[in-house]
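Engineer: Compute the structure for the input listed below.
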Amino acid sequence: MQLTIVCSQRLRVSLIALLLTASALSDARADAVTEWNERAGEIVVKAGLGPLPAERVLAMVQASVYEAVNAITRRYPVSDVKLEPTPGASLEAAVAAANRAMLAKLIPSQQAIIDHAYQAVLTTIADGPAKSNGVAVAEKAVAAVLARRANDGAAAGESYRPHTSAGTYVPTVIPEAPQWRHRTPWLMTNPSQFRPGPPPDLGSEVWARDYNEVKALGGKRSQQRTAEQTEIARFWEEVMPPIYHAIVRSVANTPGRDITRNARLFAAVTQASDDGLIAVFDAKYHYGFWRPLTAIRNGDIDGNDTTERDESWVPFIETPMHPEYPCAHCITSGAVGTVLKAEIGQEPTPMLTTSSHAAGDAIRSWTNVDEFMQEVANARIYDGVHYRNSGTVGTDMGRRIAQLAIEKYRLTYK
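Structural biologist: Okay, here's the model as predicted:
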């Protein structure tokens, strides 16, 4: 009798262990995309890429991951490249190989780190056809995406011509990436598809409102910006894509999701974000609107009696080296947030959390997507580098670009 009880207990323990192991393997399958997204983000930051090239790299990585994974699962009909179906191939091997091949191609300086991460994953996958087929389909996906993006304009040199008259000194720093507006988009028909109307007339009430708001809240020595607003300003001084991708992972890591759905989500988010930066730089260099630093130190020449000049005003953070209108942070948050809202649909919204390297790895969270998007727009005013109207316009542009990704990837459907 005692032997029977002992055997039964051992059987129950074995069954529980088996179920836990199966559950862990299932979670690992779904987490492969998010884990590699985090690794890839760390690699682009370590490589010292600027935010624009980093966004492009991550969009190409996530496009390759989606194409490889979907070739295995055949869950969704959407595909930008022609790959043979590869049922039974290892999803984990495919995700790892897609990340490795694309990152190594685009950031060869990080080859050792990339290979180390790749080998650490592959050693956990049993050798055999499933593993080799997963690697093979990923490498084909990467080659196909590289071919499609080979002439997207990212390699074009800048040719910015400073505004001056012969013999007159002007500041000699070249503005950031004026050529980026000429890149080939993923989703838009052309870079100017969502170009907004012009910034507010300098004689308007909107201009006076925006000028005086950023002057009061965005100055380095502001007495009106609260402690929380200062915290928000520091947090969103961060410019690299991982600050947004962690928010996406808050959704991707919710229980019950599968690997192909997560691959699709990251492909949609990164393509919308990359297109957003193309669109916003098109508008920035089209309008060439002045930053608060320039405007407030020249408040006596804008023709508006309600904008008083402050000859020594400086913003809370260093002003980015490109024109003001519209807000680039805002177009990115608008794109990311809108894709997430479509993806979440009627499901409960998880706590959205991310951290900011610029703020000493501080962590912030939001209970819904709209709170996150509005905070980004507010932050750029508290930073002293943008006006409220620019944030509103930028966020709206992001929403409209995101809608293209939502339609392409059919995010309203499961």
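Engineer: what residue lies at the spatial centre of this structure?
Structural biologist: residue 241 (4.2 Å; C-alpha atoms, centre = their mean).
Engineer: For the nearest residue in space to residue 267 that is not next to it in sequence, I want the exact helix or strand it lies within.
Structural biologist: Sequence neighbours aside, residue 66 is the residue nearest to residue 267 in space, at 3.9 Å (criterion: C-beta to C-beta, 6 or more residues apart in numbering). C-betas here are computed from N, CA, C, even on glycine. Under the criterion of DSSP states H and E, residue 66 resides in helix 51-73.
Engineer: how far out from the middle of the chain is that helix?
Structural biologist: 12 Å (C-alpha atoms, centre = their mean, to the nearest Å).
Engineer: What distance do you get for the residue nearest to the centre of the chain to residue 203?
Structural biologist: Noted for residue 241: a distance of 38 Å to residue 203, by C-beta to C-beta, to the nearest Å.
Engineer: swap in residue 341?
Structural biologist: Per C-beta to C-beta, residue 341 is found 37 Å from residue 203.
Engineer: if you count what's nearby, which of the two comes out ahead?
Structural biologist: Comparing residue 341 with residue 203 by neighbour count (other C-beta atoms under 10 Å), the higher total belongs to residue 341, at 19 against 13.
Engineer: What pLDDT is listed against the more buried one?
Structural biologist: Residue 341 is assigned 98 on the pLDDT scale.
Engineer: I'd like to know which elements whatever helix or strand it lives in is packed against.
Structural biologist: Assigning secondary structure by DSSP H and E places residue 341 in helix 328-344. Applying 3 or more C-beta pairs under 8 Å, 6 or more residues apart in numbering; DSSP states H and E, we find helix 328-344 packed against helix 242-252, helix 259-287, helix 369-382, helix 388-409.
Engineer: got the CA positions of that helix in CSV?
Structural biologist: The C-alpha coordinates for helix 328-344 follow below in CSV (Å, rounded to 0.1, in the frame of the first residue of the first chain):
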residue,chain,number,x,y,z
ALA,A,328,9.6,63.6,-34.4
HIS,A,329,9.2,62.0,-31.0
CYS,A,330,5.4,62.6,-31.4
ILE,A,331,5.2,61.0,-34.8
THR,A,332,6.9,58.0,-33.5
SER,A,333,4.7,57.7,-30.4
GLY,A,334,1.6,58.3,-32.5
ALA,A,335,2.7,55.5,-34.9
VAL,A,336,3.6,53.1,-32.1
GLY,A,337,0.6,53.9,-30.0
THR,A,338,-1.9,53.6,-32.8
VAL,A,339,-0.6,50.2,-33.9
LEU,A,340,-0.8,49.0,-30.3
LYS,A,341,-4.4,50.2,-30.0
ALA,A,342,-5.4,48.2,-33.1
GLU,A,343,-3.5,45.2,-31.8
ILE,A,344,-5.0,45.3,-28.4
